[in-house]
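Trainee: Sequence and computational prediction follow.
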Amino acid sequence: MLIQITGIITALMAIRALLAQGRAERLLYLNAMGFGVSAMIALYIKTPFGAVLAAVYFVASTLTSNAIAHALDRVGEEIVIED
């Protein structure tokens, strides 16, 4: 039951990420999706290895979203339009 609830919440975050207007809002929803997927991994694989796998996925997805946010921030600062 918990896996289904987590899956529904993750799907809602995916829909909200598609409908979000701002870049920061999209990244927030993508990070929440990462939390949901790691929770589903931990709930589905009911062994200590499942917990390790969920933790590794969580850390990797967080690092990835932070790297994307940093790169997008740098690109936004570098683009200068002169009239």
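Mentor: Okay, I see it.
Trainee: Need the residues that contact stretch 34-50.
Mentor: If you take Cβ atoms under 8 Å, 6 or more residues apart in numbering as the criterion, stretch 34-50 is touched by 2-3, 6-7, 9-10, 13, 51, 53-55, 57-58, 61-62, 65. Just so you know, the C-beta spots here come from the backbone N, C-alpha and C atoms, and that holds for glycine as well.
Trainee: Next step: those residues restricted to helices.
Mentor: When helices are assigned by DSSP state H, the members of the contacts of stretch 34-50 inside them are 2-3, 6-7, 9-10, 13, 51, 53-55, 57-58, 61-62, 65.
Trainee: ok so, going back, quick one, which of the contacts of stretch 34-50 has the minimum pLDDT?
Mentor: Going through the contacts of stretch 34-50 one by one, the lowest pLDDT turns up at Ser65, 75.
Trainee: OK, contacts around that one?
Mentor: Counting by Cβ under 8 Å, 6+ apart, the residues that Ser65 touches are Leu27, Leu30, Asn31, Gly34.
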